[in-house]
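K.L.:
Model the structure of this input:
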Amino acid sequence: MNTADTIAIEQNLEIPTYDKMPMALVRGEGPYVWDAEGTRYLDFYGGHCVSLLGHCHPNVVEALQAQAETLIFYSNVAHSPIRARAAQRLAALAPDGLGNVFFANSGSEANETALKLARKYTGRSGVMAMKGGWHGRTLGSLAPTHDEKYRAPYADVLPETTWVSVGDLDAAEAVLSSEGIAAVILEPIQSIAGMREVPAGYVQGLRALCDKHGTLLIFDEVQTGVGRTGTFSMSEPLGATPDLITLAKSLGAGVPVSGVLVDDAVAETVETGDQGSTFGGGMLAMAAVEATLKTLVEDNLMTRATEIHEQVAAQVGPVVEEVQGRGCLMGLTLDRPIAPVVKALRTQGVLVGGSSDPHVMRLMPPLVVSNEDVTAFAEALHVALDATATPAEAH
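P.N.:
A predicted model of the protein is given here:
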């Protein structure tokens, strides 16, 4: 099936919820994907921050094949060796005290689980979130998502959320001093908002305020977690440990899976029936998690994430206004709207992402890109910027 036929069928049969790229991808290997006509693209988008190990990493493929030949699925009503091994690897990488695991299927589901646990633990219902934050599209996770255009149609049924500006501890104190806030939820790097990094001092201040007022602190690490930013969790560079961490995107290196890391004190209060997920912890997903985490550690890829960031910054820094983010979660601030630049890069065989900030391009390359791949991206960006320059700039 060629690209035109694929697009026509999807547009006819799927509800129009996505503004899709005009291509039909059929194959991937490492940092590359190919469309139905055989055109190759260097993928610095990663299917929206998912392909941590690149596409079809041999270790993940082998693990999935072996598991598929053994047992594709059984629910959590039964124990599973592969789930046990995945949980062991995840707990070993978790910050101290957060070695209790709940597996789910998506970042939105993980965030809803964390919010449910916080509400039960504290006996409160309110949530404080950050302006610019993004936590999902299902009702429970949509509530603390700040972008009003997504929330507005459902405002009358969304749970209570209060937003504060990142960096304003006085505002946070005022909210947390009032009764009823169960949790504070934040992204250590607000990716969709334009790779805005939340300051460490502010997060440390929030940790102290949460302790003071008996409120739980949730790190939404759906995008920052699993080593993409150079450490397994952003709790290390931020110098603050939350009560719950949500993970997804990179956790299965392309297989849908998410997880919640839960503090010991919170975990002790969880009872049978408090939460469930039929497909959460399924065998294929757990095989992908085990293979992903094993590869991440054995190949020392978290260090590689930092090296890639430094190489990108060095090569594109002179032609962009700012390089934001950490590791392989980067934002490039341009002196112009990024949409034409993103399109120009695609015509050169490079995929990147946009953000809610029209001047910030998001890069989410896999941790396996080579130095040559970084150079290829930088050269393509130079060409794209020249192609989209105004006549005065070109002159």
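K.L.:
any idea how far the residue nearest to the spatial centre of the chain is from residue 360?
P.N.:
Nearest residue to the geometric centre of the chain (Cα atoms, centre = their mean): residue 223, 1.8 Å. Going from residue 223 to residue 360 by Cβ to Cβ, to the nearest Å gives 14 Å. C-beta: built from backbone N, CA, C; applies to glycine.
K.L.:
How about residue 367?
P.N.:
Counting by Cβ to Cβ, the separation of residue 367 from residue 360 is 22 Å.
K.L.:
can you count the residues close to residue 88?
P.N.:
Residues lying near residue 88 (other Cβ atoms under 10 Å) number 13.
K.L.:
tell me the SS of it?
P.N.:
What DSSP: H, G, I helix; E, B strand; the rest coil gives for residue 88 is helix.
K.L.:
was I right about residue 71 contacting residue 284?
P.N.:
No: contact criterion Cβ atoms under 8 Å: residue 71 and residue 284 do not qualify, at 9.2 Å.
K.L.:
Please identify which of those two sits among more neighbours.
P.N.:
Applying other Cβ under 10 Å to residue 71 and residue 284 shows that residue 284 carries more neighbours, namely 20 against 15.
K.L.:
did I read that right, the more buried one in a strand?
P.N.:
No: using three-state DSSP, the assignment for residue 284 is helix, not a strand.
K.L.:
who's in contact with it?
P.N.:
By Cβ atoms under 8 Å, 6 or more residues apart in numbering, the residues touching residue 284 are 64, 67-68, 72-73, 255.
K.L.:
switch the cut-off to 6 Å
P.N.:
64, 67 (Cβ atoms under 6 Å, 6 or more residues apart in numbering).
K.L.:
State the distance from it to residue 85.
P.N.:
14 Å.
K.L.:
quick revisit: settle it for me: which of residue 367 and residue 360 has more neighbours?
P.N.:
Neighbours per residue, other Cβ under 10 Å: of residue 367 and residue 360, the larger number sits with residue 367, 29 against 26.
K.L.:
quick one: contacts for that one?
P.N.:
Listed by Cβ under 6 Å, 6+ apart, the contact set of residue 367 reads 52, 301, 304-305, 328.
K.L.:
And for residue 341?
P.N.:
So residue 341 contacts 384, 388 (Cβ under 6 Å, 6+ apart).
K.L.:
The chain should start at 411 in everything you say after this.
P.N.:
Fine by me, first position is 411 from now on; the one you just mentioned is residue 751.
K.L.:
name the element it belongs to?
P.N.:
Using DSSP states H and E, residue 751 falls within helix 749-757.
K.L.:
Pull out the buried residues from that helix.
P.N.:
Applying a neighbour-count criterion of 16 or more other Cβ atoms under 10 Å, one finds 751-752, 754-756 buried in helix 749-757.
K.L.:
Quick check: the farthest pair among those residues?
P.N.:
The distance between the two most remote of those (Cβ to Cβ) is 9.8 Å, for 751 and 756.
K.L.:
domain ranges for the protein?
P.N.:
Domain segmentation of the chain under automatic domain parsing yields 413-466+710-804, 469-708.
K.L.:
List the residues that contact the residue nearest to residue 700 when sequence neighbours are not counted.
P.N.:
Of all residues not flanking residue 700 in the chain, residue 496 sits nearest, at 4.5 Å (Cβ to Cβ, 6 or more residues apart in numbering). Contact analysis of residue 496 by Cβ under 6 Å, 6+ apart lists 696, 699-700.
K.L.:
who wins for most neighbours among those residues?
P.N.:
In terms of neighbour count, residue 699 stands highest of these at 31 neighbours, by other Cβ under 10 Å.
K.L.:
can you pull out the strands in the stretch 611-760 of the chain?
P.N.:
In the stretch 611-760 of the chain, the strands defined using DSSP state E, counting those that start in this stretch lie at 626-630, 654-657, 668-672, 732-736, 739-743, 760-761.
K.L.:
what's the average pLDDT for the second one?
P.N.:
When you say that, I think you mean strand 654-657. For strand 654-657, mean pLDDT is 98.
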